[in-house]
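Asks: quick check, what structure comes out for this input:
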Amino acid sequence: MTLAPALSADPAPRAARLAIALDEDGLVLPDGPICVYRPRAGESFAPLPGSRLHLVQGFFPDHVALGAAGHQVAVAPVRAACALVCLPRSKAEGLALIAGAVSLGARMVLVDGQKTDGVESVLRAVRARVAPGGVVSKAHGKLFWFAPGEVSFNDWALQEASVSDPDLGTFRTVPGLFSADGVDPGSRLLAQSLPESLPARVADLGAGWGYLSAACLARAGVERLHLVEAEAHALDLARRNITDARAVFHWADATDLALSDPVGGVVMNPPFHAGRKPQPALGLAFIAAAARMLSGRGQLWMVANRHLPYEGALAELFSNHAILAETGAFRVWHATGPRTRGKSVIRHGR
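Replies: Okay, here's the model as predicted:
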């Protein structure tokens, strides 16, 4: 599932820490490209030479926003003498980004993150192998840097894992993605609640590594399934997990993608977090997107945490809605007859 649409990051803390390191703490960057891993929309890298920056971001909304701000952005990293790793929520993913930067020739690696990103733990892990050249603490976060020299970090590279389902088979996942350690209980409840037959054209919004898509393709009636996913790495795994010729893959923000033709069904387990902060508006945006994508007789099947305030949006945007299943944590909703349909700009990244 898509983790969340992009929210503009506060540009000040990271830029302030970089400025202190360069102006006061003696950090000297090697010549050549600077590869910046996992920056967020709205971030400022003003202390760094902009012409040397190569931003690496596979999350579609951030990717688009950073490009619109004038940055050079790609999904895959480049060889660079210097790397800045902007820590994601997952420690395993953060360590893997460091390992990747070193393997691509970085002679200087900068690591920056808030305390809530686990920067302290990552700093301890690096210190166990090599002494940092310096540490800047400011605004509830830290920036540190080190020269890897001959030290290997290859064991930090992401290791693929397998998630098995008795009905749908085995799926490949990696740390850092939603439900990387196993099938999400909400998604499993939704899959079990789907009818035996689905419409001919179906979209899975926030498809992740493909679990709900596999459940849809196991139903009768499906002729075309659109997997819409904002995280490029998750979509790459979905391509490997879902080899059915009926599947079409879209690297896109589900909240503003317009398909060429309406679909008869939408399934989704929408995100409701941006970083660590609950953002129910994200799920509401997914519901609105589903209503726009569906035909006049289209149907929505959605699972969500039962405390989330989605019923009002379902009532406003659909003629009928009902609870198909629920547990102490989740509700599966079924809605029919979308009231609002429209098209937004089609954006195809890959």
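Asks: buried set for stretch 301-313?
Replies: Using 16 or more other Cβ atoms under 10 Å as the test for burial, stretch 301-313 gives Trp301, Met302, Val303, Ala304, Tyr310, Ala313. Placement of C-beta: from N, CA and C, glycine included.
Asks: same check, this time on stretch 39-56
Replies: Applying 16+ other Cβ under 10 Å to stretch 39-56 flags 39-41, 43-45, 47-48, 52-56 as buried.
Asks: out of these, list just those in strands.
Replies: Leu53, His54, Leu55, Val56 (DSSP state E).
Asks: just put the residues you listed in JSON lines and tack on pLDDT and distance to Ala96.
Replies: Shown next, in JSON lines, are those (pLDDT from 0 to 100; distance: Cβ to Cβ, whole Å):
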{"residue": "Leu53", "pLDDT": "97", "distance to Ala96": "21"}
{"residue": "His54", "pLDDT": "97", "distance to Ala96": "18"}
{"residue": "Leu55", "pLDDT": "98", "distance to Ala96": "18"}
{"residue": "Val56", "pLDDT": "98", "distance to Ala96": "13"}
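Asks: just give me the closest of the residues you listed to Leu27.
Replies: Nearest to Leu27, judged by Cβ to Cβ, of those is Leu53 at 15.9 Å.
Asks: picking that back up, how about the ones in strands among the buried residues of stretch 39-56, which pair is most distant?
Replies: Leu53 and Val56 (10.2 Å).
Asks: which neighbours do these two share?
Replies: Val36 (Cβ atoms under 8 Å, 6 or more residues apart in numbering).
Asks: what mean pLDDT does stretch 290-309 have?
Replies: Across stretch 290-309, the average pLDDT comes to 95.
Asks: one more: stretch 240-255?
Replies: Here the average pLDDT along stretch 240-255 is 98.
Asks: next one: stretch 90-98
Replies: 96.
Asks: over to Ala285: give its phi and psi.
Replies: phi -70, psi -40 (degrees, to the nearest 10).
Asks: verify the stated contact: it with Met268.
Replies: No: Ala285 lies out of contact with Met268 (Cβ atoms under 8 Å); the separation is 11.2 Å.
Asks: between the two, tell me which one has more neighbours.
Replies: It is Met268, of Ala285 and Met268, that has more neighbours when counted by other Cβ atoms under 10 Å, with 27 against 19.
Asks: got the contact list for the more buried one?
Replies: Counting by Cβ under 8 Å, 6+ apart, Met268 has contacts Met1, Asp204, Leu205, Gly206, Leu212, Ala254, Phe286, Ala290, Leu300, Trp301, Met302, Val303.
Asks: same check on Leu308?
Replies: Leu308 touches Phe272, Pro280, Gly283, counting by Cβ under 8 Å, 6+ apart.
Asks: chain center to stretch 129-141, what's the gap?
Replies: 27 Å (Cα atoms, centre = their mean, to the nearest Å).
Asks: pLDDT of it, averaged?
Replies: 96.
Asks: for that stretch, list every residue counted as buried.
Replies: Gly133, Val135, Val136, Gly141.
Asks: right, and Phe339 touches Glu316 too?
Replies: Wrong residue type there; residue 339 is Arg, not Phe. Yes: contact criterion Cβ under 8 Å: Arg339 and Glu316 qualify, at 7.3 Å.
Asks: of the two, which one has the most company?
Replies: A count of neighbours by other Cβ under 10 Å puts Glu316 above the other of Arg339 and Glu316, at 14 against 11.
Asks: which ones are touching the more buried one?
Replies: Per Cβ under 8 Å, 6+ apart, neighbours of Glu316: Arg339.
Asks: go with 6 Å
Replies: For Glu316, no residue meets the contact criterion (Cβ atoms under 6 Å, 6 or more residues apart in numbering).
Asks: pretty sure it is in a helix, no?
Replies: Yes: applying DSSP: H, G, I helix; E, B strand; the rest coil, one finds Glu316 inside a helix.
Asks: how close does it sit to Lys142?
Replies: Taking Cβ to Cβ, to the nearest Å as the measure, Glu316 falls 45 Å from Lys142.
Asks: ok, Ala65 next?
Replies: For Ala65 relative to Lys142 (Cβ to Cβ), the value is 25 Å.
Asks: likewise Leu177?
Replies: Noted for Leu177: a distance of 25 Å to Lys142, by Cβ to Cβ.
Asks: of these two, who's got more company?
Replies: Lys142 (23 against 20).
Asks: next one: phi and psi at the residue nearest to the more buried one when sequence neighbours are not counted?
Replies: Distances taken as Cβ to Cβ, 6 or more residues apart in numbering place Val119 nearest to Lys142, at 4.8 Å, with adjacent residues excluded. Note on Val119: its backbone torsions stand at phi -60, psi -30 [degrees, to the nearest 10].
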